[in-house]
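Colleague: only geometry, no sequence info:
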């Protein structure tokens, strides 16, 4: 069981399924309501009354109604969600890039919380926590047996409150307690470095409120020391998405002003929109434009520098918008493996001060009019994760694998047509591949405890990054011999 948790922990560092969303925010709900089905509502009221009076023990009325709303929304598609007070707070923290906690990136190893990295200048960083430290106890709660989400909840809290962590440091073979005072943490969704003279790597791990400001600042710093940049790698691997306007802004950094980035289409009139590379379409609250500042600072060089975009099965939603826009306008070469395939937009509407509704309101389309729902972006150059092949690819779930997923364009055209024998055989083969990959990973974990099976993104051992650099330099690229584009499958009815 411990090894399984360890593998799950590695995957969790890459992408969090709950963040797979491209969102817009609306301050108020719509003014008009659709006609209500009175007979069905009477049945709902009757069931509520029976549960209230006849159930074996008393029930909480508010909880019962909240669960009924959650069930109604969850029946629609995997990305629509009702937020109660706790969930709404967590969602806002996720999109803002701010939360109250101790400031560490974590994974799971042998049932314990492992510190992947303390966030710079966070309480954990100042307390001396190191990469590789294991957290065995949070206050009075033993970590063994907790999920990674349970551990996160215990470490978060209100500002200026304290949490006691018991740390086991393997290289010193000792355990010791550390008391840390929680404070607001500002996460970094952008990393960058000059990997070698003339070539830069910029990674965007999620599209948050601060992402574009962070991106602009880091790229400005790169150009100050490397004004004659020969090439750039934009790394969107395992980027689960986030804010739609941030995706439009990032695309605008590389495209000519006024270029179409993405279009959306849904039932509501205001869901039919074409987003272009102009400030009015990505500045949410007005104010200064970091993209214009970046363009001026680099004398427009960023819109001309040779560009490779790295993607994989964990690249979803907002990251697919960026990859699709740059691919359609032939601004970049897309490399890696086929993306997740989440081509829908969610609108978040507050229902009150503490609750909200995240509802799928539109499909989005690349500039050429292609929907990627349940299909994804297919790279021009398919490249494996490592020289030996793809370690995690078979284990990753894509949009087409999710129950009740929104149909893509091709899928909708086949509505009512049963799966062919070939499609069913392909689905069964993927299940077999996943099980085989899981067994192989567990075996590798037993042989090499504590070692990463896929090198850290951006490191010297990052095989896909090295192939991207080869492409920018005009050198041969080791193209995958096994990766192929996966088409949509018809859902079983």
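Modeller: Done, it's in. A quick note: this is a predicted structure, and the numbers were derived from the prediction, not measured.

Colleague: any weak-confidence spans in this structure?
Modeller: By pLDDT under 70, the low-scoring segments of the chain are 1-21, 23-34, 97, 391-398, 400-403, 408-420, 423-424, 426-454, 486-493.

Colleague: which parts of it are helices?
Modeller: For the chain, applying DSSP state H gives helices covering 2-14, 38-54, 61-74, 85-96, 123-126, 148-155, 211-225, 244-254, 290-297, 318-328, 409-413, 421-447, 463-473.

Colleague: residues in contact with the last one?
Modeller: Identification of contacts with helix 463-473 by C-beta atoms under 8 Å, 6 or more residues apart in numbering yields 195-196, 199, 201, 230-231, 233, 235, 237, 306, 308, 310, 333, 335-336, 381, 383-387, 455, 457-459, 476-478. (C-beta placed from N, C-alpha, C; glycine too.)

Colleague: ok, back up a step: turn the helices of the chain into a markdown table, columns for mean neighbour count and distance to residue 377.
Modeller: What follows is these, written out as a markdown table (neighbours: other C-beta atoms under 10 Å; distance: least, C-beta to C-beta, whole Å):
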| stretch | mean neighbour count | distance to residue 377 |
| --- | --- | --- |
| helix 2-14 | 18 | 18 |
| helix 38-54 | 10 | 40 |
| helix 61-74 | 13 | 27 |
| helix 85-96 | 16 | 23 |
| helix 123-126 | 18 | 36 |
| helix 148-155 | 17 | 29 |
| helix 211-225 | 19 | 19 |
| helix 244-254 | 27 | 13 |
| helix 290-297 | 18 | 22 |
| helix 318-328 | 28 | 5 |
| helix 409-413 | 15 | 14 |
| helix 421-447 | 13 | 19 |
| helix 463-473 | 20 | 15 |
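
Colleague: out of those, the one nearest residue 115 is which?
Modeller: helix 123-126 (7.6 Å; C-beta to C-beta).

Colleague: give me the helices and strands touching that closest one, please.
Modeller: strand 112-118, strand 174-181 (3 or more C-beta pairs under 8 Å, 6 or more residues apart in numbering; DSSP states H and E).

Colleague: if you compare those strands, which one is most tucked away?
Modeller: strand 112-118 (a mean of 22; mean count of other C-beta atoms under 10 Å).

Colleague: contacts for that one, please.
Modeller: Contacts of strand 112-118 (C-beta under 8 Å, 6+ apart): 9, 13, 103-108, 124-125, 129-136, 138, 143-144, 146, 148, 151, 168.

Colleague: list the contacts for residue 335?
Modeller: Taking C-beta under 8 Å, 6+ apart, one finds 308-311, 379-383, 464, 467-468, 471, 477 in contact with residue 335.

Colleague: right, I mislabeled it, should have said residue 106
Modeller: Applying C-beta under 8 Å, 6+ apart, the residues near residue 106 are 113, 114, 115, 116, 135, 148, 151, 152.

Colleague: ok, now residue 355?
Modeller: 82, 83, 84, 85, 88.

Colleague: can you pull the contacts of the third one?
Modeller: Contacts here follow C-beta under 8 Å, 6+ apart; on that basis residue 84 touches 66, 70, 354, 355.

Colleague: what about the closest residue to residue 334 other than its chain neighbours, neighbour count?
Modeller: Distances taken as C-beta to C-beta, 6 or more residues apart in numbering put residue 379 closest to residue 334, at 4.3 Å, once the chain neighbours are dropped. As a burial measure, residue 379 scores 24 neighbours (other C-beta atoms under 10 Å).

Colleague: please apply the same query to residue 35.
Modeller: Residue 35 has 5 nearby residues by other C-beta under 10 Å.

Colleague: can you check residue 193 too?
Modeller: With other C-beta under 10 Å as criterion, residue 193 counts 12.

Colleague: and for residue 231, the neighbour number?
Modeller: 17.

Colleague: thought it was touching residue 304?
Modeller: No: the criterion here is C-beta atoms under 8 Å, and residue 231 misses it with residue 304 at 11.1 Å.

Colleague: residue 210 versus the residue nearest the centre of the chain, what's the distance?
Modeller: What sits nearest the mean C-alpha location of the chain, by C-alpha atoms, centre = their mean, is residue 240, with 1.6 Å. When distance is defined by C-beta to C-beta, to the nearest Å, residue 240 is 17 Å away from residue 210.

Colleague: ditto for residue 51
Modeller: For residue 51 relative to residue 210 (C-beta to C-beta), the value is 45 Å.

Colleague: ends of stretch 328-335, what's the gap?
Modeller: Terminal residues of stretch 328-335 lie 14 Å apart, using C-alpha to C-alpha, to the nearest Å.

Colleague: list the buried residues of it.
Modeller: 328, 329, 331, 332, 333, 334, 335 (16 or more other C-beta atoms under 10 Å).

Colleague: residues touching residue 89, list them.
Modeller: For residue 89, the contact set (C-beta under 8 Å, 6+ apart) comprises residue 354.

Colleague: try 7 Å this time
Modeller: For residue 89, the contact set (C-beta atoms under 7 Å, 6 or more residues apart in numbering) is empty.

Colleague: tell me how far it lies from residue 167.
Modeller: 28 Å.

Colleague: give the bridge partners for the closest residue to residue 194 other than its chain neighbours, please.
Modeller: Leaving aside its chain neighbours, residue 194 sits nearest to residue 200 (5.3 Å; criterion: C-beta to C-beta, 6+ apart). Residue 200 has these beta-bridge partners by DSSP bridges: residue 194, residue 232.

Colleague: thinking again about what came up before, among the contacts of strand 112-118, name the buried ones.
Modeller: For the contacts of strand 112-118, buried by 16+ other C-beta under 10 Å: 9, 13, 103-104, 106-108, 124-125, 129, 133-136, 138, 143, 146, 148, 151.

Colleague: related to what we said a few turns ago, quick check: the farthest pair among the contacts of residue 355?
Modeller: Farthest apart among the contacts of residue 355 by C-beta to C-beta are 82 and 85. That separation is 11.4 Å.

Colleague: if we can go back for a sec, neighbours of the residue nearest to residue 194, just the number please.
Modeller: Around residue 200 there are 22 residues (other C-beta under 10 Å).

Colleague: which residues touch it?
Modeller: 192, 194, 222, 226, 229, 232.

Colleague: before we move on, back to that, now render the helices and strands packed on helix 123-126 as a markdown table, adding distance to residue 96.
Modeller: Listed next are those as a markdown table, based on distance: least, C-beta to C-beta, whole Å:
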| stretch | distance to residue 96 |
| --- | --- |
| strand 112-118 | 21 |
| strand 174-181 | 21 |
